[in-house]
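Chemist: Dropping a prediction and its sequence here:
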Amino acid sequence: MTLNVMTEISKLDQIIKPSGTMLISNKARELREKGKPVIGFGAGEPDFASPEYVVKAAINAAKDPKNHKYSPVAGLESLRKAISNSVMSHSKYAVEPSNIVVTNGGKQAILTALMSLLDRGDEVIIPSPYWTTYPEATLLAGGKPRFIETSKENDFKISINDLEKIKTDKSKVLIWCSPSNPTGVVYAKNEAEEIYDWVFKNNMWILSDELYEHLIYEGETTPSPAIIDKDLNNTVIVNGVSKAYAMTGWRVGWLIANNKVINLAKKIQSQATSNVSNISQLAAEAALTNGLEITQKMKIAFDRRRRFALEKINAINYLSCIKATGAFYLFVDVSHYCTGLIPAVNSSDDFCNWLLEKYFIAFVPGEVFGAPGYMRLSYALNDEDLSEGLNRLEKAIKDISG
Ligand SMILES: Cc1ncc(COP(=O)(O)O)c(C=O)c1O
């Protein structure tokens, strides 16, 4: 037998990047394993355990042999009914269970939605800074990401003018995320409605990622485009239980769309994964049918930490961040320290590595979100660690300033 050199793998290898937020978490974990007292500001997940009633529902589900079998690709009927009821009560629009597909987390819902909407070469407009998965999922679905650069001065918000400038006859989808990961920005109702109106008028799709809809601390949350586009002619919604119910590990999300999109999404899912784990689906159902009390409890803690972190960061020399009112992130301008002031630190990536290696504090560099010169801070960590971690950041800056 002749052994040859390895046959080429897919060119996707040169196109797709790994999740940047995972890279920093891995590096922080390695240092922790070596006994270093690392404090992580990188995690995009609540530091709370999932509610007790969720865990109980999962245990009961695991004991029932019915749940040991395949179930409908679109998700259990009872969960889709619970999603429909929750959407009606909390998001203020009506959706039939038949217009929902349950997915392995919001992340899979985004990829499936983009695969359902795009043809090769179609353009997806992505406001930048963006959540790291959007461009990669666009590329995986054969689309072309087109970025709208936003600025701190405009609270990282896009305008109609920006949309007009970037639109081509290939523009097919606008990705929309408010409250935003990574900036924590929340669009006001009138601002959002202006954007929705533009998308509908231009006969494009809006892919609205509503994972953080319940995590806002001041004012009102952004209304969903589905409130206006009742027939979902131009709207696809992505949501899930990860953030609002502290259930990131259970991997339950969903997409909401019209029949045509749903049928294609079901075809894709039937070939890719079949149903989501029945145990996780029944756990998610327990979360949704027990209301938002758990979310309110987390919100009180997140808000306290948000206010503390905002004050502390903005008091540090040449660091600043806008007053984020949603999700659990601050997006900190660190550009002053990315120009060689610290030996071998010439970017926010270098700056974050320096903070991790020298002060054992882990932040996610802005490069991951398309915004060099910034770093993302997640305040979903306990109060003591938050305080100690920010004291270390303050000390790091004092050490440079002499
Ligand atoms: C904006 C946004 N959308 C979607 C997701 C996906 O969440 P999951 O796949 O855990 O449901 C995340 C997770 O970090 C997110 O931040």
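Modeler: Alright, I've got the coordinates.
Chemist: show me what contacts Asn233?
Modeler: Counting by CB atoms under 8 Å, 6 or more residues apart in numbering, Asn233 makes contact with 200, 258. C-beta coordinates here come from the backbone N, C-alpha and C atoms, glycine included.
Chemist: What are the phi and psi values at Gly291?
Modeler: Geometry field for Gly291 lists phi and psi as phi 80, psi -170, criterion degrees, to the nearest 10.
Chemist: actually Ile148, not the one I wrote
Modeler: phi -100, psi 120.
Chemist: in the stretch 301-402 of the chain, what residue is nearest the ligand?
Modeler: Among all residues of the stretch 301-402 of the chain, Ala327 sits closest to the ligand, at 7.4 Å; criterion: CB to the nearest ligand atom.
Chemist: burial measure for that residue, as a count.
Modeler: Taking other CB atoms under 10 Å as the criterion, the count of residues near Ala327 is 30.
Chemist: Can you list phi and psi of it for me?
Modeler: Ala327 adopts backbone torsions of phi 60, psi -150, taken as degrees, to the nearest 10.
Chemist: repeat for Asp209
Modeler: The phi/psi pair for Asp209 (degrees, to the nearest 10) is phi -90, psi 110.
Chemist: where exactly do the strands run in the stretch 1-150 of the chain?
Modeler: For the stretch 1-150 of the chain, the strands identified by DSSP state E, counting those that start in this stretch occupy 39-40, 100-103, 123-128, 144-149, in order along the chain.
Chemist: make that the stretch 251-400 of the chain, sorry
Modeler: For the stretch 251-400 of the chain, the strands defined by DSSP E, counting those that start in this stretch cover 253-256, 320-321, 329-333, 361-362, 364-365, 374-378.
Chemist: related to what we said a few turns ago, highest mean neighbour count out of the strands of the stretch 1-150 of the chain?
Modeler: The highest mean neighbour count among those belongs to strand 100-103 (a mean of 27), with neighbours defined as mean count of other CB atoms under 10 Å.
Chemist: now what about that one, what contacts it?
Modeler: Contact partners of strand 100-103, identified using CB under 8 Å, 6+ apart, comprise 73-76, 79-80, 83-84, 109, 112, 240, 252-257, 262, 265-266, 269, 275-276, 281, 284.
Chemist: one more time with 7 Å, if that's ok
Modeler: When contacts are taken as CB atoms under 7 Å, 6 or more residues apart in numbering, the neighbours of strand 100-103 outside the stretch itself are 74-75, 79-80, 83-84, 109, 112, 252-256, 262, 265-266, 269, 276, 281.
Chemist: Quick check on Val345: phi, psi?
Modeler: In this entry, Val345 is assigned phi and psi values of phi -110, psi 100 (degrees, to the nearest 10).
Chemist: So which of the contacts of strand 100-103 belong to helices?
Modeler: For the contacts of strand 100-103, the ones inside helices are 79-80, 83-84, 109, 112, 262, 265-266, 269, 281, with DSSP state H as the criterion.
Chemist: can you narrow those residues to ones near the ligand?
Modeler: The residues of the ones in helices among the contacts of strand 100-103 that also fall near the ligand, by CB under 6 Å from any ligand atom, amount to none at all.
Chemist: Return the member of the residues you listed nearest to Ala192.
Modeler: Ala109 (20.3 Å; CB to CB).
Chemist: From Thr325, how far out is Leu215?
Modeler: Distance, Leu215 to Thr325, using CB to CB, to the nearest Å: 10 Å.
Chemist: again, but for Glu136
Modeler: Separation of Glu136 from Thr325 (CB to CB) stands at 28 Å.
Chemist: Got phi/psi on the residue nearest to Ala309 when sequence neighbours are not counted?
Modeler: Nearest in space to Ala309, with sequence neighbours left out and distances taken as CB to CB, 6 or more residues apart in numbering, is Tyr379 at 5.0 Å. Dihedral angles of Tyr379 (phi, psi; degrees, to the nearest 10) stand at phi -100, psi 20.
Chemist: cool, Gly370 as well?
Modeler: Residue torsions, per degrees, to the nearest 10, at Gly370 are phi 80, psi 20.
Chemist: Look up the pLDDT of the closest residue to it other than its chain neighbours for me, please.
Modeler: Distance criterion CB to CB, 6+ apart; nearest residue to Gly370, sequence neighbours excluded, is Ser128 at 4.1 Å. Listed pLDDT for Ser128 reads 98.
Chemist: One more: Val5?
Modeler: 86.
Chemist: Which phi and psi values does it adopt?
Modeler: Backbone dihedrals for Val5, given as degrees, to the nearest 10, come out at phi -70, psi 160.
Chemist: Also Glu164?
Modeler: phi -60, psi -40.
Chemist: For it, the count of nearby residues, please.
Modeler: By other CB under 10 Å, 10 other residues sit near Glu164.
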